[in-house]
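**Student:** Turn this into a structure:
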Amino acid sequence: MPIHLDGQRALALSPNGHIAVTALTVSDVPPEWETIYPAAASLSPYRIRAGPQNPYALNGLRDVSQYVLIDLATGEIKPLTKAPIGNAAGWWGTTRSDWPRMPLYPFA
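**Tutor:** Alright, predicted model coming up:
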């Protein structure tokens, strides 16, 4: 799956080199995300809209994405929060990831 701009900014390799964390476009945005995560401003064009998205489209700048872990050996992807990153709703911030200093084995 392609990694768009938010995902490129968030991309980080685990200390053991086996897992990556990034943000990926959600293929189908759940309807409840529209109400749970409202736009930052009522007239903002940046808002969560339920429905399908094409993760393979060339420009994923306004796509709804979520943080995920990727097992680099198997390609298995696990959502970290089951929630969108804030940029899609106009809640602007720095998209970045960091690893804890303790061991992390989310695919065990």
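**Student:** give me phi/psi at the most far-flung residue of the chain relative to its centre?
**Tutor:** Residue farthest from the centre of the chain, counting by C-alpha atoms, centre = their mean, is Leu43 at 23.9 Å. Per-residue torsions, Leu43: phi -100, psi 10 (degrees, to the nearest 10).
**Student:** One more: the one 5 residues further on?
**Tutor:** The phi/psi pair for Ile48 (degrees, to the nearest 10) reads phi -80, psi 130.
**Student:** which residues sit in contact with it?
**Tutor:** Applying C-beta atoms under 8 Å, 6 or more residues apart in numbering to Ile48 gives the contacts Val29, Trp33, Glu34, Tyr37, Pro38, Ala39, Val64, Pro84, Ala88, Ala89. Quick note: C-beta positions are derived from backbone N, CA and C, even for glycine.
**Student:** nearest to Gly17, of those residues?
**Tutor:** Gly17 lies nearest to Pro84 out of the contacts of Ile48, by C-beta to C-beta, at 28.1 Å.
**Student:** State the number of residues packed around the nearest residue to the closest one once chain neighbours are set aside.
**Tutor:** Spatial nearest neighbour of Pro84, excluding adjacent residues (C-beta to C-beta, 6 or more residues apart in numbering): Val64 at 4.9 Å. Neighbour count for Val64, taken as other C-beta atoms under 10 Å: 25.
**Student:** Tell me the confidence at Val64?
**Tutor:** Val64 is assigned a pLDDT of 92 by the prediction.
**Student:** quick one: the helices in the protein?
**Tutor:** Here the chain has its helices, by DSSP state H, at 5-10, 32-36.
**Student:** which residues touch the shortest one?
**Tutor:** With contacts defined as C-beta under 8 Å, 6+ apart, helix 32-36 is touched by Arg47, Ile48, Arg49, Ala50, Val64, Ala83, Pro84.
**Student:** Any of those buried? List them.
**Tutor:** Buried subset of the contacts of helix 32-36 (neighbour count, 16 or more other C-beta atoms under 10 Å): Arg47, Ile48, Val64, Pro84.
**Student:** among these, which are in strands?
**Tutor:** Assigned to strands by DSSP state E, none of the buried ones among the contacts of helix 32-36 qualify.
**Student:** I'd like the residues you listed as JSON lines, with distance to Asn16 appended.
**Tutor:** Listed next are these as JSON lines, based on distance: C-beta to C-beta, whole Å:
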{"residue": "Arg47", "distance to Asn16": "38"}
{"residue": "Ile48", "distance to Asn16": "34"}
{"residue": "Val64", "distance to Asn16": "30"}
{"residue": "Pro84", "distance to Asn16": "28"}
